[in-house]
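A.B. asks: I would like to see how this sequence folds:
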Amino acid sequence: FVPSKSFVRAAKGKGLRDAQLRLHGLPVRQDFAEVRQRGAAARKGLGLYPDRRTVLIVGGGDGVGKLAEIVQAVGEQLSRSLQPSQMVVVCGRNKRLLRQLREQEWPEKVYVQVEGFVTRMSEFMAASDCMVTKAGPGTIAEASICGLPVMLSGHLPGQETGNVKHVLASGFGAYSRNPRVIARTVAAWLDDPGCLELLSANARAAARPAAAHQIVRDVVELLDA
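C.D. replies: Next up, the predicted model:
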């Protein structure tokens, strides 16, 4: 079972045949495909401003990387926009960063909601207009299913390099390790509804929301054969 066409090509390069391969995508929880509320309704349900453009910034389960620098840069950049906006920052298990960001004062036009480890990521994605995250395969697959443009802020050399290429080639995100470049890119997206709409459409086109069901179906067929 392979998650993308690039893996199909790589597998064939290693000698596997078409009959040995199944391209279904990366399996993720079904709630990402079945979330009932999106946009303003989802924001209201999470205690956010329903009418504000929203950026979701995630540092992984442990809240590592340049998360604090990225949040600071994005907040400063959004404060220069004509329209008020908001950020949801997920710090994971990084309690020190959680306290730091919750105690920080933010520009008046930028509302910031800081979370620790969350179990409702599908709801936060449904409430957001774009997302800043490292290039983890699961998060990218989830964001794609939600039609969420992704600003990739880093990757693990080797195992996550292909994830960056997938997002860029599919046209639903960008990549930079520089917090200020990340901030400018995200702010430009939010100021351009047409760009956001195109990125979102490209994300959904690249999504494979039925991957888990298809993989289970094929496994059952193999066991019954």
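
A.B. asks: which residues sit against the helix or strand bottoming out on mean pLDDT in the chain?
C.D. replies: For the chain, using mean pLDDT, DSSP states H and E, the weakest element among its helices and strands is helix 31-34, scoring a mean of 81. Counting by Cβ atoms under 8 Å, 6 or more residues apart in numbering, helix 31-34 makes contact with 122, 125, 142, 145-146, 209-210, all of which sit outside it. In short, each C-beta sits where N, CA and C put it, glycine included.

A.B. asks: Mind checking which of those are in strands?
C.D. replies: Judged by DSSP state E, the contacts of helix 31-34 include no members of strands.

A.B. asks: out of these, which are buried?
C.D. replies: The neighbour-count test (16 or more other Cβ atoms under 10 Å) marks 122, 125, 142, 145-146, 209 as buried among the contacts of helix 31-34.

A.B. asks: Buried residues in the helix or strand hosting Lys44, which are they?
C.D. replies: Following DSSP states H and E, one finds Lys44 within helix 39-45. Along helix 39-45, the positions that meet the burial threshold by neighbour count (16+ other Cβ under 10 Å) are 42-43.

A.B. asks: Going by contacts, tell me the helices and strands next to it.
C.D. replies: For helix 39-45, the contact count by 3 or more Cβ pairs under 8 Å, 6 or more residues apart in numbering; DSSP states H and E identifies helix 121-127 as packing neighbours.

A.B. asks: Packing partners of the helix it packs on?
C.D. replies: Based on contacts counted as 3+ Cβ pairs under 8 Å, 6+ apart, the elements that helix 121-127 packs against are helix 31-34, helix 39-45, strand 53-58, strand 85-90, helix 137-145.
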